[in-house]
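1. based on what follows, work out the 3D shape:
(2 chains)
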Number of protein chains: 2
Amino acid sequence: MPPFEHIAVIGAGNVGYHLALHLHHSGFAVDAIYSRNPTKAGALAELTGAQVLDNPENLPAAIDLVIIAVSDSAIAEVAARLPDTAAVVVHTAGSVDMEVLSRFRHYGVLYPLQSFSVSRQADISSVPLLPEAVNDTVFEKITSLAARLSTSVTPASSEERRFVHLAAVFAANFTNALYGAAAGILGKNTSLGLDILLPLMTETAAKAVEIGPKAAQTGPAKRNDHAVIQKHLNLLPPELRSVYEKLTELIQRQQNEEL
Amino acid sequence: MPPFEHIAVIGAGNVGYHLALHLHHSGFAVDAIYSRNPTKAGALAELTGAQVLDNPENLPAAIDLVIIAVSDSAIAEVAARLPDTAAVVVHTAGSVDMEVLSRFRHYGVLYPLQSFSVSRQADISSVPLLPEAVNDTVFEKITSLAARLSTSVTPASSEERRFVHLAAVFAANFTNALYGAAAGILGKNTSLGLDILLPLMTETAAKAVEIGPKAAQTGPAKRNDHAVIQKHLNLLPPELRSVYEKLTELIQRQQNEEL
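-> Down below sits the predicted model:
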């Protein structure tokens, strides 16, 4: 028997969108969708066969799982608008404590450790899912759901999840900003696109995980090659020059184990 | 007929090591190896069936390709120590102009766009190789060699290559430093390792190339979510706090197209 039979998804942004679709494609019944943006809710309802809620207050009584996938700052407000319910209520946020949902009888968290964009397909079946719950019964239900959605399920407390999210900001958001800088450098000065760097980008990720980032490091900052560093600084616009200096300093501290 | 029949590799560091091995495994004759570190030269000679040179001056007359794979600052010195030769002489550096080799009759560059470590296997057959040469004849020979080593060959001038290398420092060295920061955050505060972030890291790379880094961006900096940003700053040690602030600022500039 599936751990949940009638699911409501609140939020149709990047996370809500991909999670609702993956639930639907994994054979779960997504019965209801709410989004403050009715167009997004309608589009996602159409894809999943759900009904659109005009207000979280009108949660159908049959719902046994509510997934709140809205921006961090909106979770408390959405939670306050839901009716009293016997359903398990979870949110999907990295940086928000589970206790934001403590007004419910059964609550927890299901944090997908991935960067989703509505405009790009996501394969949640290989995305690490980090469950947490108020008690063992709820934990087992959430974990059982997670295991049907993904091959990678790792429990994490609110405290741990906060640091996982912080680490993810470094490994994904900030990394993506550096890809943006790289794309800009290529676009302004060469006929090449970011795709020429993709093998380097994926190998850098794989190598860091396999041998550790410190051993994996290469390049002028690690070699302390002042001549190349100076050449690079001279080629950069001022706003990227300060980023270059800051990260060169970070590499040198890491190599000297000052961090 | 192969473009070169007798190859010498000068340098047995990360690039020289992997290039010599891949040449050997691709059926090319690596006849001679020189490294200022005789142990490294000996180990690589054993793996490739080459002889060890005790000095670049003693380059065998039969050599028709010399690959100088030493650190940027040592290329000129190695080039000065080589005898007059009819061989094609190339270096493998991103940030060094081809003309550093202008004392030779036939010269060029073969730049592998990858971050190599001796301690990790490298699959050069999918590494972009960027050839440049002093004239069409040499260019065709180097390009023909490159096409036998890799499926990805893209010509680049010295000027372009300099910017490709600079972009690679952002996309690989600096990115790896952020992976190091992420690993440190996880290691100090959770029971999880960097491997839990690998799906996120590889998806971030793939997504940036597919839809562009600006559209691919997610997270608190993009959403301008001051509450989460402030929480994150409070969780970080000072040396990472300033990195966090610098890159949050970069993301916000990128999203506002100030860059």
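
2. what distance do you get for the residue positioned nearest the centre of chain A to A:A61?
-> Nearest to the mean C-alpha position of chain A, by CA atoms, centre = their mean, lies A:Q114 at 3.6 Å. From A:Q114 across to A:A61, the span is 32 Å (CB to CB, to the nearest Å). (Each C-beta comes from the backbone N, C-alpha and C, glycine too.)

3. how about the helices in the stretch 51-200 of chain A?
-> With DSSP state H, counting those that start in this stretch, the ranges of helices along the stretch 51-200 of chain A come out as A:75-81, A:136-149, A:158-168, A:175-189, A:198-211.

4. gap between A:V96 and A:V70?
-> Applying CB to CB to A:V96 and A:V70 gives a distance of 10 Å.

5. actually A:L198, sorry about that
-> Distance, A:L198 to A:V70, by CB to CB: 33 Å.

6. which residues touch the host helix or strand of A:L44?
-> Per DSSP states H and E, A:L44 falls inside helix A:38-48. Residues outside helix A:38-48 that contact it (CB atoms under 8 Å, 6 or more residues apart in numbering or on different chains): A:9, A:12-13, A:16-17, A:20-21, A:23-24, A:30, A:33-35, A:50-54.

7. now do the buried residues in that helix.
-> Buried residues in helix A:38-48, counted by 16 or more other CB atoms under 10 Å in any protein chain shown: A:40-41, A:43-45, A:48.

8. what's the offset of that helix from the middle of its chain?
-> Taking the mean of its C-alpha atoms, helix A:38-48 sits 21 Å from the chain's own mean (CA atoms, centre = their mean, to the nearest Å).

9. C-alpha coordinates for it, PDB please?
-> Extracted in PDB, the C-alpha atoms of helix A:38-48 (Å, rounded to 0.1, in the frame of the first residue of the first chain):
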ATOM      1  CA  PRO A  38      -3.700  30.600 -10.700                       C
ATOM      2  CA  THR A  39      -2.200  30.200 -14.200                       C
ATOM      3  CA  LYS A  40       0.700  28.200 -12.800                       C
ATOM      4  CA  ALA A  41      -1.700  26.100 -10.600                       C
ATOM      5  CA  GLY A  42      -4.000  25.500 -13.600                       C
ATOM      6  CA  ALA A  43      -1.100  24.400 -15.900                       C
ATOM      7  CA  LEU A  44       0.200  22.000 -13.200                       C
ATOM      8  CA  ALA A  45      -3.300  20.700 -12.400                       C
ATOM      9  CA  GLU A  46      -3.800  19.900 -16.100                       C
ATOM     10  CA  LEU A  47      -0.500  17.900 -16.200                       C
ATOM     11  CA  THR A  48      -1.300  15.900 -13.100                       C
END
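
10. by contact count, what packs against the longest strand along chain A?
-> Longest among the strand segments of chain A by residue count, using DSSP state E, is strand A:106-112. Contacts defined by 3 or more CB pairs under 8 Å, 6 or more residues apart in numbering or on different chains; DSSP states H and E place strand A:106-112 against helix A:14-25, strand A:88-91, strand A:129-133, helix A:136-149, helix A:158-168.

11. now it: mean pLDDT?
-> What strand A:106-112 shows for mean pLDDT is 98.

12. distance from the chain centre to that strand, please.
-> For strand A:106-112, the distance to the chain centre is 14 Å (CA atoms, centre = their mean).

13. export that strand as CSV, just CAs?
-> Output of strand A:106-112 as CSV, limited to C-alpha atoms (Å, rounded to 0.1, in the frame of the first residue of the first chain):
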residue,chain,number,x,y,z
HIS,A,106,1.7,15.1,11.9
TYR,A,107,4.4,17.0,10.3
GLY,A,108,7.9,16.8,8.8
VAL,A,109,10.2,17.8,5.9
LEU,A,110,11.1,16.4,2.6
TYR,A,111,14.0,18.4,1.2
PRO,A,112,15.1,17.6,-2.4
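
14. could you give the angle of that strand to helix A:136-149?
-> Here strand A:106-112 points in a direction 30 degrees away from that of helix A:136-149 (axes from the mean of the first three to the mean of the last three CA atoms, to 10 degrees).

15. quick one on the thing from earlier: settle it for me: which of A:V96 and A:V70 has more neighbours?
-> Remark: of A:V96 and A:V70, A:V96 carries more neighbours, 25 against 22, as counted by other CB atoms under 10 Å in any protein chain shown.

16. look up the closest residue to that one, ignoring the ones flanking it.
-> With CB to CB, 6 or more residues apart in numbering or on different chains as the criterion, A:V96 has its nearest non-adjacent residue at 5.1 Å, and that residue is A:D72.

17. pretty sure that neighbour contacts B:A227?
-> Yes: between A:D72 and B:A227 there is a contact under CB atoms under 8 Å: 7.0 Å.

18. more neighbours: which of the two?
-> Taking other CB under 10 Å, A:D72 and B:A227 do not tie; A:D72 has more neighbours (19 against 12).

19. element containing A:S242?
-> Per DSSP H and E, A:S242 falls inside helix A:238-255.

20. who does that helix touch, helix- and strand-wise?
-> Applying 3+ CB pairs under 8 Å, 6+ apart, one finds that helix A:238-255 makes contact with helix A:175-189, helix A:213-216, helix A:220-223, helix A:226-235, helix B:175-189, helix B:238-255.

21. how about a markdown table for these, with distance to A:T85 added?
-> Output for the helices and strands packed on helix A:238-255, formatted as a markdown table (distance: least, CB to CB, whole Å):
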| stretch | distance to A:T85 |
| --- | --- |
| helix A:175-189 | 37 |
| helix A:213-216 | 44 |
| helix A:220-223 | 54 |
| helix A:226-235 | 57 |
| helix B:175-189 | 33 |
| helix B:238-255 | 37 |
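
22. and the ones you listed: which comes nearest A:Q255?
-> Checking the helices and strands packed on helix A:238-255 against A:Q255 by CB to CB gives helix A:220-223 as the closest, at 5.8 Å.

23. and the closest one, which residues are buried?
-> Judged by neighbour count using 16+ other CB under 10 Å, the buried positions of helix A:220-223 are A:220-222.

24. what is the mean pLDDT for that helix?
-> pLDDT averaged over helix A:220-223 gives 93.

25. coming back round to it: as a markdown table, the helices and strands packed on strand A:106-112 with mean pLDDT and distance to chain B would be great.
-> A markdown table is the format used below for the helices and strands packed on strand A:106-112 (pLDDT from 0 to 100; distance: least, CB to the nearest CB, whole Å):
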| stretch | mean pLDDT | distance to chain B |
| --- | --- | --- |
| helix A:14-25 | 96 | 6 |
| strand A:88-91 | 98 | 14 |
| strand A:129-133 | 98 | 8 |
| helix A:136-149 | 98 | 14 |
| helix A:158-168 | 97 | 4 |
